[in-house]
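Participant: Task: produce atomic coordinates for the following.
(2 chains)
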Amino acid sequence: MNDVVIRTEKLGKSYRLGERERYLALRDLLARAASAPARWFVSHNELSSNGNHRDGNHKGNRSHIWALKDASLEIRRGEVVGLIGRNGAGKSTLLKILSRITKPTIGHADIFGRVGSLLEVGTGFHPELTGAENIYLCGAILGMSKREIKQKFEEIVAFAEVEKFVSTPVKHYSSGMYVRLAFSVAAHLEPEILLVDEALAVGDASFQKKCLGKMGQVSREGRTILFVSHNMTAIKTLCSRAVLMKDGTVAASGPAIEVVNHYLAGIASGLSEREWTDRVAAPANDNVRIAHIKIRPPQGCSELTIDTGAQIEIGFESFRKNINLGCTIYVTNSEGVVIFASGHPISGDRDSRCGLYELTGRIPGHLLNAGRYSVDVVFGQDQRYVLLRVDSIASFEVQNAARGANMSVAPGVVRPQLSWSHSLKEEACLVEL
Amino acid sequence: MIKSATLDFPMQGSRHRIAPPAGWLELNLRELWDARELLYFFVWRDLKVRYKQTAIGALWAILQPFLTMLVFSLFFGRLAHIPSDGLPHSVFYYSALLAWIYFSTALQHATNTMVENQRVITKVYFPRLLLPLASVSSGLVDLGFGFIVFLGMLLYYRIQPGSAILLVPVFLLLAVLTALGVGVWLSALNAIYRDVRYVVPFLIQFWMFASPVAYPSSLVPDRWRWLYGLNPMAGVVEGFRWSLTGQGQPPSLLLGVSAGMVFALLIGGVLYFNKVEGTIADVL
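Facilitator: Take a look at the predicted model:
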């Protein structure tokens, strides 16, 4: 009990719709002041007409959305906790509240110990300043004292591998150098509780590995880390525990591997064939409505295996006329790794029609290894703008197939069939002595 | 803020509760004091960045009041014959411009500081009050450079400042507090309503004519002086001029009213700032 370093109780944060998108202008304030009496009247009527308001309806005002609600959580000292969930599940909002960047709307959190937050690499970096100057500036902003920075200066520079450029303004740095230096400063922060948001998704592979190592080292020193990532492999290797966020609340919490698997299994509908007959329930917006998606073994096959591949069929209704409409699918494995993306231009000459379309595609055999895959569907315009994106709309399982005598699943992300051949060049003559 | 690199876990000692914004009185002076090093770094950054890419660097700090002084002397002094309390025009204007230019730059700087630092504000926590504090502090360095020139002018005109010069720090402090008091308001307001940024240049222009920069406050009739003092810069500018040159009248009534006004502004500003600070990252 005493070992709890972060405890949140029914933490909630609501945003006024549109609040994050743009700042207020004075005219909005004037407009709001002018409509205040009307709003007061409406909200009071609403309250009296349906007396028991749901908790999600802050002040009876419908223009609020809850980015986080009822989030209760306990994190103990020395734990490395991974925070996972889809985009918009409230992970970042939770991190922002815990790092005190913004205050919650309701609920509270207790934090025991000094907190360092690393929500972005290079917080406070100024392009005009030199590497050395930025180390001091960024270090101070992240919460290090001048003495502490001075002590670790050499170490920071060495870790970032920028020894030759410490007195060059960082605007002349390559992006790799910039990121390495920025991460290095952050990595040398020594708070008791470290909050990290996707910061590892930077740099080249070897540097990422180094960062992971550094974080592992930090956790061995007994510090507590709360770590948001979409990289499930990183979560599994680094974290002892994972917390799954869904729709602003804590949906699951437990050993990292279990929660990650649970998340990945549930990420998709779990269904390989889905159909929405009810237009209201279907994934849709003003641009596109998805009617059905079916992933099944190709005709004539009873099972979807590594040899057969799969047939994909997407039925949708387009509400946009005369644009360049395209559809792309993303296939992701159970580790969260995108195996491939494949798209099809439905209209290339600004000649899309309104109406029902059916799109069929074929995932070839000898491509995917055995395992569970989830499919995201993205409708786009001009190959640039997203019209509708539905993550994990369906999932499917690729069965292992007997190849040779071995029935066990071969390692690897893909399972190609290579055209091997062999010939015996020279037979050894066994001379009997 | 983190003070030691050693790993001890003062479980009870450093408990922090995060809760919804409670009310008006949440000012954590202790926290502000603990972050004083960061204030230093912000000021240091402002100065470094400001002079890094300019060809003549800190010389601008001198040129700005000096050139304005020349223009004022020519138009207000020579052409318009505005009285200068018996001082050479250049000294008369320069002494007031020192305070005024400090104030107007600090104000502009403070207004924009939250917006300019929005990336930092939305990514890491520190007492936000440090930003307007840094804005009004970094201007002091420029003021220092300008002051050196002023000493040269005193020598040139053989003006003995007298013992009133000992009060310069008092007026300086008042100038800083005025800039901070108004700056805190404007920085928070500008973060929420970006219109403020466009209003400030006008505000500064009008404000200068409401302050005894281009004319002596002795032009203001006695019975209106208290009202005039409601402009805190009236007391500050007049006080600067008086204490730096020893000429003119000690602005006692003016100063009293101005000081009262400054504290009202400052306290109100800090309270308002505190109220919006908690969620300012959401609106930036």
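
Participant: which residue does the stretch 51-200 of chain B bring closest to chain A?
Facilitator: Closest to chain A within the stretch 51-200 of chain B is residue B:125: 3.8 Å, counting by Cβ to the nearest Cβ. Bear in mind the C-beta positions are built from the backbone N, C-alpha and C, glycine included.

Participant: Let me see the contact set for that residue.
Facilitator: By Cβ atoms under 8 Å, 6 or more residues apart in numbering or on different chains, residue B:125 lies in contact with A:99, A:100, A:101, A:117.

Participant: for those residues, which one is nearest residue B:50?
Facilitator: Nearest to residue B:50 out of those is residue A:101 (Cβ to Cβ; 27.1 Å).

Participant: Kindly tell me how buried that closest one is, as a neighbour count.
Facilitator: 24 (other Cβ atoms under 10 Å in any protein chain shown).

Participant: One more: residue A:223?
Facilitator: 23.

Participant: Run through the residues that contact it.
Facilitator: A:78, A:190, A:191, A:192, A:193, A:194, B:7.

Participant: Quick check: which element contains the second one?
Facilitator: Think residue A:190. Using DSSP states H and E, residue A:190 falls within no helix or strand.

Participant: any idea how far it is from residue A:222?
Facilitator: 11 Å (Cβ to Cβ, to the nearest Å).

Participant: Compare those two (neighbour count), which wins?
Facilitator: For residue A:190 versus residue A:222, the count of surrounding residues by other Cβ under 10 Å is larger for residue A:190: 20 against 11.

Participant: which bits of the stretch 101-250 of chain B sit near chain A?
Facilitator: For the stretch 101-250 of chain B, the residues in contact with chain A (Cβ under 8 Å from any Cβ of the partner chain) are B:119-126, B:191-195.

Participant: same thing but at 7 Å, please
Facilitator: B:120, B:122, B:123, B:124, B:125, B:126, B:192, B:193, B:194, B:195 (Cβ under 7 Å from any Cβ of the partner chain).

Participant: Checking the nearest residue in space to the fifth one that is not next to it in sequence next. Helix, strand or coil?
Facilitator: Here the nearest residue to residue B:125 in space, its sequence neighbours aside, is residue A:100; by Cβ to Cβ, 6 or more residues apart in numbering or on different chains that works out to 3.8 Å. Three-state assignment for residue A:100 (DSSP: H, G, I helix; E, B strand; the rest coil): coil.

Participant: returning to what we had before: just the buried residues out of the residues of the stretch 101-250 of chain B next to chain A, in ChimeraX syntax.
Facilitator: Buried residues within those, by 16 or more other Cβ atoms under 10 Å in any protein chain shown, are selected in ChimeraX with:
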select /B:120,122,123,124,125,126,192,193,195
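
Participant: In helices, which of the residues of the stretch 101-250 of chain B next to chain A fall?
Facilitator: Counted as lying in helices by DSSP state H, out of those, are B:120, B:192.

Participant: would you list the residues of the stretch 101-250 of chain B next to chain A in JSON lines and tack on pLDDT?
Facilitator: As requested, these are arranged in JSON lines below (pLDDT from 0 to 100):
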{"residue": "B:120", "pLDDT": "90"}
{"residue": "B:122", "pLDDT": "89"}
{"residue": "B:123", "pLDDT": "87"}
{"residue": "B:124", "pLDDT": "89"}
{"residue": "B:125", "pLDDT": "89"}
{"residue": "B:126", "pLDDT": "90"}
{"residue": "B:192", "pLDDT": "87"}
{"residue": "B:193", "pLDDT": "86"}
{"residue": "B:194", "pLDDT": "85"}
{"residue": "B:195", "pLDDT": "86"}
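
Participant: quick one: which of the residues of the stretch 101-250 of chain B next to chain A is nearest residue A:6?
Facilitator: residue B:125 (14.8 Å).

Participant: what are the phi and psi angles of that closest one?
Facilitator: phi -100, psi 140 (degrees, to the nearest 10).

Participant: hmm, back to that, report the lowest-confidence entry in the contacts of residue A:223.
Facilitator: For those, the model is least confident at residue B:7; its pLDDT is 38.

Participant: Roughly how far does the residue of the stretch 51-200 of chain B closest to chain A sit from residue A:7?
Facilitator: From residue B:125 over to residue A:7 (counting by Cβ to Cβ), the distance is 18 Å.

Participant: what's the answer for residue A:216, then?
Facilitator: 25 Å.

Participant: quick one: which of those two has more around it?
Facilitator: residue A:7 (17 against 13).

Participant: nearest residue to residue B:48 other than its sequence neighbours?
Facilitator: Using Cβ to Cβ, 6+ apart, the nearest residue to residue B:48 is residue A:129, at 6.2 Å.

Participant: Would you enumerate the residues in contact with the one you found?
Facilitator: A:137, A:169, A:170, B:48, B:49 (Cβ atoms under 7 Å, 6 or more residues apart in numbering or on different chains).

Participant: in the helix or strand where residue A:151 lies, what's buried?
Facilitator: Per DSSP H and E: residue A:151 is located in helix A:146-160. Across helix A:146-160, burial judged by 16+ other Cβ under 10 Å covers A:148, A:149, A:152, A:153, A:156, A:157, A:159, A:160.

Participant: I'd like the distance between the third one and residue A:160.
Facilitator: According to Cβ to Cβ, residue A:152 stands 12 Å off from residue A:160.

Participant: So for these two, which residues contact both of them?
Facilitator: Between them, residue A:152 and residue A:160 share no contacting residue, judged by Cβ under 7 Å, 6+ apart.

Participant: Tell me the residues of the stretch 151-300 of chain A that contact chain B?
Facilitator: Checking the stretch 151-300 of chain A against chain B by Cβ under 7 Å from any Cβ, the hits are A:190, A:191, A:192, A:221, A:222.

Participant: so the second one touches residue A:111, yeah?
Facilitator: It stands for residue A:191. No - Residue A:191 is beyond contact range of residue A:111, at 10.7 Å (criterion: Cβ atoms under 7 Å).

Participant: Common neighbours of the two, please.
Facilitator: Joint contacts of residue A:191 and residue A:111 (Cβ under 7 Å, 6+ apart) do not exist.

Participant: pLDDT value on the residue in the stretch 251-400 of chain A that chain B sits nearest to, please?
Facilitator: For the stretch 251-400 of chain A, the residue positioned closest to chain B under Cβ to the nearest Cβ is residue A:253, at a distance of 19.5 Å. With respect to pLDDT, residue A:253 scores 90.

Participant: count of residues packed around it?
Facilitator: 18.

Participant: how would you label residue B:264: helix, strand or coil?
Facilitator: On the basis of three-state DSSP, residue B:264 is classed as helix.

Participant: if I look at it, how far off is chain A?
Facilitator: 24 Å (Cβ to the nearest Cβ, to the nearest Å).

Participant: ok, now how distant is that residue from residue B:32?
Facilitator: For residue B:264 relative to residue B:32 (Cβ to Cβ), the value is 20 Å.

Participant: These two: which is more packed in?
Facilitator: residue B:32 (16 against 13).

Participant: That one: which element?
Facilitator: Per DSSP H and E: helix B:29-34 holds residue B:32.

Participant: then the helix or strand following that helix to PDB, C-alphas only?
Facilitator: Sequence-wise, the next helix or strand downstream of helix B:29-34 (DSSP H and E) is helix B:36-52. Provided in PDB are the C-alpha atoms of helix B:36-52 (Å, rounded to 0.1, in the frame of the first residue of the first chain):
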ATOM      1  CA  ARG B  36      14.200  30.000 -10.100                       C
ATOM      2  CA  GLU B  37      16.900  28.300 -12.000                       C
ATOM      3  CA  LEU B  38      14.500  27.800 -14.900                       C
ATOM      4  CA  LEU B  39      13.700  31.500 -14.800                       C
ATOM      5  CA  TYR B  40      17.300  32.200 -15.200                       C
ATOM      6  CA  PHE B  41      17.500  29.800 -18.200                       C
ATOM      7  CA  PHE B  42      14.400  31.400 -19.800                       C
ATOM      8  CA  VAL B  43      16.000  34.900 -19.500                       C
ATOM      9  CA  TRP B  44      19.300  33.600 -20.800                       C
ATOM     10  CA  ARG B  45      17.600  32.000 -23.800                       C
ATOM     11  CA  ASP B  46      15.700  35.200 -24.600                       C
ATOM     12  CA  LEU B  47      18.900  37.200 -24.500                       C
ATOM     13  CA  LYS B  48      20.900  34.700 -26.500                       C
ATOM     14  CA  VAL B  49      18.300  34.300 -29.200                       C
ATOM     15  CA  ARG B  50      17.600  38.000 -29.400                       C
ATOM     16  CA  TYR B  51      21.200  38.900 -30.100                       C
ATOM     17  CA  LYS B  52      22.400  35.800 -31.800                       C
END
